[in-house]
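Visitor: What follows is a predicted protein model with its sequence.
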Amino acid sequence: MDFTFTVEEEAFREEVRTWLRANVPTEKRPKEGQAMRAFDTAWQRRQHESGWGGIAWPVEYGGQGLSLVQQLIWHEEYVRAEAPPPGCMFVALSHAGPTVMLRGNAEQRALHIPRIIRGEAVWCQGFSEPGAGSDLASVRARGVVDGDDLVVTGQKVWTSYADVADYQELLVRTDPDSQRHAGLSWVICDMRAPGITVRPIRTMAGITTFAEVFYDEVRIPLGQVVGGLGEGWSVAMSTLSFERGTAMIPHQVELQRTVEQLIALAGEVTGPDGRRPAAADDEVRSRLARLRAEVAAMRAMTYASISRAQREDAPGPEGAMISLYFGELFQRVHDAAMDILGGESIERQGRAEAWTFRYLDGFKHTIAGGTSEIRRNIIGERVLGLPRGRA
Amino acid sequence: MDFTFTVEEEAFREEVRTWLRANVPTEKRPKEGQAMRAFDTAWQRRQHESGWGGIAWPVEYGGQGLSLVQQLIWHEEYVRAEAPPPGCMFVALSHAGPTVMLRGNAEQRALHIPRIIRGEAVWCQGFSEPGAGSDLASVRARGVVDGDDLVVTGQKVWTSYADVADYQELLVRTDPDSQRHAGLSWVICDMRAPGITVRPIRTMAGITTFAEVFYDEVRIPLGQVVGGLGEGWSVAMSTLSFERGTAMIPHQVELQRTVEQLIALAGEVTGPDGRRPAAADDEVRSRLARLRAEVAAMRAMTYASISRAQREDAPGPEGAMISLYFGELFQRVHDAAMDILGGESIERQGRAEAWTFRYLDGFKHTIAGGTSEIRRNIIGERVLGLPRGRA
Amino acid sequence: MIDLLPDDDQKALIDNFESVLAAEAPLARLRDGQGDLALLARLAELGWFGLGLPESAGGVGLGLIEEALLFREAGRFLVGPRLFAAVLGAHAAVGAGDPALAAALAGGERGACLLSGDGRHAFDRQPGDSLVRVDEEGIRLLDEAALVRAEPIDGLDPAIALERVELDERGVRRLADRTLALRTKVLVSASLVGLAEAARDRATLYAKERQQFGQPIGAFQAIKHRCADMAVGCESAWTLTALAALCLGSGRHDAAFQAAAARIVAGDAALAAVRGNVQIHGGMGFTDECEAHLLVKRCHFLLQLAGGTRLHQEALLGEPEPVHGR
Amino acid sequence: MIDLLPDDDQKALIDNFESVLAAEAPLARLRDGQGDLALLARLAELGWFGLGLPESAGGVGLGLIEEALLFREAGRFLVGPRLFAAVLGAHAAVGAGDPALAAALAGGERGACLLSGDGRHAFDRQPGDSLVRVDEEGIRLLDEAALVRAEPIDGLDPAIALERVELDERGVRRLADRTLALRTKVLVSASLVGLAEAARDRATLYAKERQQFGQPIGAFQAIKHRCADMAVGCESAWTLTALAALCLGSGRHDAAFQAAAARIVAGDAALAAVRGNVQIHGGMGFTDECEAHLLVKRCHFLLQLAGGTRLHQEALLGEPEPVHGR
């Protein structure tokens, strides 16, 4: 067991820090639409041109092939430098790109990989369907082979950045008689194809980065099927092993910074007694200390996850523990923020703005990508070996 | 809606208070064995002789037939006067006696009722079985008719005061082919009958008021079956409507007093900072206030339950809400006590004794008489109408 | 007499509140940003503002418990905070011996808007309003002139027009006694209960209808038990709020104790219920389209309306233990 | 190098700890009230007390992380508090430049007993013991003569002999630096983790075996999810405790931060797990016969051993945010 950084790693950190300091965009990131797309792709392009695009991508695909510890260092410095989130480049870089690398054919790779790393193509994800909720395998969108095309009809939901995406990684049922995980196919869908309608979803936090996508006899050339017809589930799952221990790192580093900001906030606002600063109140102090400790635990869990990834090929069910812990901790942090803000917690402007936005936006962290209930099932069954039973 | 006491009720309260002040035993109640039995039965006798025995019992059976509000007043004053718990008289007065009144024949009533009210007979309950847990209907103890007797073989568990009881209300399966609630019989078992073995169970709090009871071909005359062979479940359930809204009153009043004592304790012990009294600490204060509010809510729920009982014959599933709330609140109160005691929480002597005993003993409140999990099922299904489903 | 259940008259009243609000106050109305002005005008017409006001001041002359029943239903339907302003303002006017003003406020001829307890915010203010501010000490009824500055800002609850304000309280017209501060706690508690019950009912209904993994999600203990906890929260919060209303209504010695306790328990129950309702609705609950978030936002608003929970906790600890009996 | 998983040597060490303790420290031993004297003599013989002590003081010369692995297993098997006294006492003696005393304590030739951080209690004391007291400032090694008064009292944990004591600290022999206070936090955290893991494993095993309503109770979400929470608690607490041990072992700037954080998280995880384990065992868990209550009682003991959680919370808030990197 070890927790040290080598001289080379320290030098790498210094290099990352220096580059980020000089290159992080100073203008504010637009939150929606084409302006956002332009911002996100430009930032990807700048990273790529300076040799920082695709830190987790293999060198042969134009990435940096960084070690897990180097990736950790990158993310730590990235958050510290207040660099913008990957935004609409996220799906392409972290999910669709790696899937095409692993399971696509030479043609698919040649067409898509370079455009992603250069920030030229934006991707979105089409997995979830209305009513499916946590049951990801219940795909109903149909893909019917007709000549050289797959003709897709159906609906997807919770597609981030669908309005600005060029392509979509799309999961459809190509065998109409199949059930659950069988008979699915993973296809590359051109978002400009006729028959596609994108309807933005406004969330409880008031933003519209999610959308519903409707498919009305959308023709997709069979050459865009990745991994073969009927292999969709296996293709979708193969990407999971790409991220291994690193997926939660940005979240963890970001949340650590948020807790420190919360401690600072408590020093500024008036506390519950209306006289002293919140930070002087024993109850507030106790909560802040617990949150600080818990975010440290989240960091340790992330390191453990990196440690596992360094030894094993496929990630284990432990990943569900970090996701569960993160989601609930994020909410506890922002519950505390609402209490510390007190009378200001009903504002969405000024000092309260960022906190109340994240409080509302944070409801997604125990729902999206697997609810807390589903994650507890996974931990109970796959980590502890408890029986599945009848509920 | 109303919350007032009439002049008559106030006069009644004064009368109760005066009698209790003069009559509550001043000697300490022995915690176990024959000394405890002697104490508890003597106290019952004294209450009966002064016209206070069986406050909820009908006058025709020697009780006082008090109204629900009078019973409430009695319990409030009883706790205030620090009167001893009914102890080993509890089952006879609150469960077995009422059952015999409602479902026993004239002979059974004539034999048992007067001896209970006079404090001459002690009863225990034989319902739960090892392994049955929350599944009360899974009775396996067998009763085989042989001539004029029922021959009982099997085992019961969680029988309070079995070592000092004269009789037991015993639930056995008299139809060997029956399942669940059918085929059970409710019989009066003489605890001195040959073939009965009582083995005390020590609890995590270190006391032995519970026992296991073993039956090895115990012969019980058929005349001791109450309500008829095979009617056991219906007989056992009929008692539930006797207590209606009042069952939780003593618990509620007692817990209210406990919270006030906890507030006093916090003023005496040094707080978590090692300098000020615990009661000066904002976090402790916040918890104490919440507990005080919650025990007030428990009181209001009890009053609502009395209100319902005044209008309806059978108690509704709302009872599960009070039991659940009480069990978890009791534990929160004693969790807080452990934290307030701080360094003293590892003692079972002096100032800490009563608190640490109740902390340990209180684990039963989310287990006995239906676990919190079972109670949440009941509330979900019978109060809210959610489906039973497959788990 | 101990009776925490409504009698026939009270049942009729509840039915009336509910049927009017069900018809006229669907939550969809909250999206137009009109601050419930039309709805409240209608409720004023129906005489609801004067429910607990003495007949001498043009009111109906019912008790605080009936007023609490009204605010419970108003909470359930997210009726805007001008209801608080009108009712509390009218009571303050009566207490200050100005029945004409009370009648004007109760009748809706004169407008009133609520200020937060700390005097920093105004809610759904209209030109010409009297301003009503309640804190632990009592209630202040201010003229519009007391408003030195008012800056509209974005609020957490999109259905309430929020302003940051600065006051010059030399213009304070009246300062009533502490019972109106307690009445406010009871009415806020009642609104929180209504909100909690709305969340419980919506979550339960959804859990019965929504199928996943081949059965209604309400059959899964994780969901069922969360709904059960909401039910217990509602039961504890409502019974205690009703008790507090009865105690304050009859001037019992423990009214301040019960009112603070009710506000604490109702606040906790409501927050848990509205958040649980979002979670049970899953992805749908996270959308703007689903009404679950409106309950969350209103809950945070009500929690700050008459001071945060910690304030009420301190108030509760300052009271002696209630004596049994009278 | 970031590696929070044990290497092969460490795995062998863990296996060794576990197999010895499984054979020699069944929880049934705790019923005889012998304060683990025989077991501890055996562990001294095996050289376990000197695991993290430098070889120059007769120790094995391993790191704090290996010591933490030992205390984790000791926590799992509820090894008595004299293990803390011997190990911490020996470290204190080394720090004070008395390797002979260190060797005697580590070898078990000289006895040591632990005092509570506030100096009010002694645990499992034997005649002739050195007394070891740790608080936030550091560690004190006292002669028996410092004991002015010692009164045996009933303790919550029946397996630990408890005394109320009064000290005359003019007899203080040595006062080491703050790193031993941090080491204590790490070792207490490790013991709490072991306890939490024992509770998690017992609860999970029981949930798989115990049938009710026709299936193992672990198939019900109420039980399954509670076990899952225990698993997450153990994972968070252990990984952070290991990180703290590594940081302190290598003298990193954030050692005090991580040690306090570990103690807070491990304390919360352990308390939730040991209580949940009783609940999952149902009626059986409430009996003295079931070992679940032994875990609860030991947990409360460990929570007070080096000061309550609030103390560590204040210590944590007093530290700066850790800087990334070295």
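Guide: Great, that's in hand.

Visitor: distance of the residue positioned nearest the centre of chain C from chain D?
Guide: Compute the mean C-alpha point of chain C, and by C-alpha atoms, centre = their mean the closest residue is residue C:191, 3.2 Å away. Distance from residue C:191 to chain D, counting by C-beta to the nearest C-beta, to the nearest Å: 32 Å. C-beta: built from backbone N, CA, C; applies to glycine.

Visitor: quick check, that residue in a helix?
Guide: Yes. The assignment for residue C:191 by DSSP: H, G, I helix; E, B strand; the rest coil puts it in a helix.

Visitor: What sits closest to the residue in the stretch 101-250 of chain A that chain C sits nearest to if chain neighbours are left out?
Guide: At 3.4 Å from chain C, residue A:204 is the closest residue in the stretch 101-250 of chain A, using C-beta to the nearest C-beta. Distances taken as C-beta to C-beta, 6 or more residues apart in numbering or on different chains place residue C:293 nearest to residue A:204, at 3.4 Å, with adjacent residues excluded.

Visitor: show me the contacts for residue A:338.
Guide: Contacts were defined as C-beta atoms under 8 Å, 6 or more residues apart in numbering or on different chains; by that measure residue A:338 touches A:345, A:355, A:356, A:359, C:300.

Visitor: where does it land on pLDDT?
Guide: Model confidence at residue A:338, given as pLDDT, is 98.

Visitor: mind checking how far it is from chain B?
Guide: Going from residue A:338 to chain B by C-beta to the nearest C-beta gives 16 Å.

Visitor: For the stretch 201-350 of chain A, give me the ranges with low pLDDT.
Guide: For the stretch 201-350 of chain A, applying pLDDT under 70 flags the ranges A:240-245, A:313.

Visitor: and it, which of its residues are near chain C?
Guide: Residues of the stretch 201-350 of chain A found near chain C (C-beta under 8 Å from any C-beta of the partner chain) are A:201-204, A:206, A:272-274, A:283, A:338-339, A:342-343, A:345-350.

Visitor: Now do the same contact list for residue A:197.
Guide: Residue A:197 makes contacts with A:213, A:214, A:216, as judged by C-beta under 8 Å, 6+ apart.

Visitor: let's see 6 Å
Guide: residue A:214 (C-beta atoms under 6 Å, 6 or more residues apart in numbering or on different chains).

Visitor: Specify the local secondary structure of it.
Guide: strand.

Visitor: Quick check: bridge partners of it?
Guide: When assigned by DSSP bridges, residue A:197 has beta-bridge partners residue A:214.

Visitor: Okay, helices next: where are they in the stretch 51-200 of chain C?
Guide: Ranges of helices in the stretch 51-200 of chain C, per DSSP state H, counting those that start in this stretch, are C:64-76, C:82-95, C:99-107, C:179-209.

Visitor: quick check: angle from the first one to helix C:179-209?
Guide: Relative orientation of helix C:64-76 and helix C:179-209, computed by axes from the mean of the first three to the mean of the last three C-alpha atoms, to 10 degrees: 50 degrees.

Visitor: avg pLDDT for helix C:64-76?
Guide: 98.

Visitor: same thing with the longest one?
Guide: Per-residue pLDDT values over helix C:179-209 give a mean of 97.

Visitor: Ramachandran angles for the closest residue to residue A:239 other than its chain neighbours?
Guide: Closest residue to residue A:239 apart from its sequence neighbours, by C-beta to C-beta, 6+ apart: residue A:99 at 4.5 Å. Here is the backbone geometry of residue A:99 (degrees, to the nearest 10): phi -70, psi -40.

Visitor: just the helices in the stretch 101-250 of chain A please.
Guide: Under DSSP H, counting those that start in this stretch, the stretch 101-250 of chain A gives helices at A:106-117, A:232-238, A:240-243, A:249-268.
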